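Chemist: Predicted model follows, preceded by the sequence.
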Amino acid sequence: MTSAPSAPPHIWRRLAWVGVYVVAMGLLEAICVIYLRRLLPDLGAGAPLDVVTVERLRIEVIREACTMVMLVAVAWLGGVNLRSRLACFFYAFGLWDIVYYAGLWWLAHWPGSWLEWDCLFLIPKPWYGPVLAPVLISAYFAIVCVLLHVWEVRRTPIKLSIETVTPQVLAGVVWYWSFVKDADQIGMHGYANIRYSWGLFAVGAGIACAGLWLAGRRNGARSPLDG
C-alpha cells in the first residue's frame, strides 16, 4: 500500500499532534492507575499480581485493550500511508509508555528507581520487569519512528518486506519472552529471588538495531545525519 509522500511540514505537523495526544493519554493512564492503587490498597505500588489480584483486575484487561485501540486509531489518523501509520503507532506507544511512568513518578513519587519492578501489562498474561526495560524499548520505538519519518520526507522510505519486518518482529518476541518467562513464579512468590534477563533484552535490542541498519543499507536510505 503506497501513496504520494506528503510535504515535510504536513508530516511533522501530524506527528506533533500525535505526540500531544499521547502525552495527555499517558498522564491520564497514570492517574487511573494511581486511583486503582488507592481503591486496592493491597495492590500497592509495583506490587506483583498474584492469581487473586489478577482475577480482581479483569476490568484492567479491558482498559489495556481499549488503550491499544486508541493508539491504533490516532496512528491511523496521524499517518498518510501504511509505513507512516505503523511508524506513528510505535511512536505513540513508545511516548505514551514513557509519559505514563514519568506521570507516576511526578504524581505518586513512584518508581523510586528505574530498576524497580512493575507489572507492565496483562495481555495475554502478566508481564513483569524493571521499569527501565520497557522505557528503553519505548525510547527505541519513538526514535525509530522519527528516523522513518525523516526517510519518508527525503523520498527514501524503508519498504515494508519480509526482510525489513522480520528482525523487528523477532526482537519483539525476544523482549516479550524476557518479561513473561518468570510470570507464573512471580505471581506465586513475588519478586524475591527473581532477576530480569538483561541478556535477553540485549539480544532483542541487537536484533532490532541490526535489522533497522540493514534495512536502511539495503534500501539506500541516507542517514538522518547526512547532509
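Modeler: Now that the structure is in, tell me what you want to look at.

Chemist: could you give me the average pLDDT of the longest helix seen in the chain?
Modeler: Longest helix in the chain by number of residues (criterion: DSSP state H): helix 8-39. For helix 8-39, mean pLDDT is 87.

Chemist: Which strands or helices does it pack on?
Modeler: helix 58-78, helix 82-108, helix 132-153 (3 or more C-beta pairs under 8 Å, 6 or more residues apart in numbering; DSSP states H and E). (C-beta placed from N, C-alpha, C; glycine too.)

Chemist: ok, Ile186 - how many residues close by?
Modeler: Ile186: 21 surrounding residues under other C-beta atoms under 10 Å.

Chemist: Pretty sure it sits against Ile194.
Modeler: Yes: if you go by C-beta atoms under 8 Å, Ile186 and Ile194 touch, sitting 5.8 Å apart.

Chemist: so what sits against both of the two?
Modeler: The contact sets of Ile186 and Ile194 overlap at Tyr128 (C-beta atoms under 8 Å, 6 or more residues apart in numbering).

Chemist: and the closest residue to Leu148 other than its chain neighbours, how many neighbours?
Modeler: The shortest distance from Leu148 to any residue other than its chain neighbours is 4.3 Å, reached at Ala87 (C-beta to C-beta, 6 or more residues apart in numbering). Number of residues near Ala87 (other C-beta under 10 Å) recorded here: 29.

Chemist: So what touches the strand or helix carrying Phe179?
Modeler: Element membership for Phe179 (DSSP states H and E) is helix 162-180. Residues from elsewhere that reach helix 162-180 (C-beta under 8 Å, 6+ apart): 120-121, 125-129, 133-134, 137, 158, 196-197, 200-201, 203-205, 207-208, 210-212, 214-215, 218-219.

Chemist: Who are the contact partners of Tyr100?
Modeler: Residues in contact with Tyr100 (C-beta under 8 Å, 6+ apart) are 26-27, 29-30, 33.

Chemist: rerun at 6 Å
Modeler: When contacts are counted by C-beta atoms under 6 Å, 6 or more residues apart in numbering, Tyr100 touches 26, 29-30.

Chemist: Also Glu64?
Modeler: Applying C-beta under 6 Å, 6+ apart, we find Glu64 in contact with 122-123.

Chemist: again, only using 8 Å
Modeler: Counting by C-beta under 8 Å, 6+ apart, Glu64 touches 121-123.

Chemist: For Trp96, see how far away it is.
Modeler: As defined by C-beta to C-beta, to the nearest Å, Glu64 lies at a distance of 12 Å from Trp96.

Chemist: for this structure, what helix or strand is lowest in average pLDDT?
Modeler: helix 51-56 (a mean of 52; mean pLDDT, DSSP states H and E).
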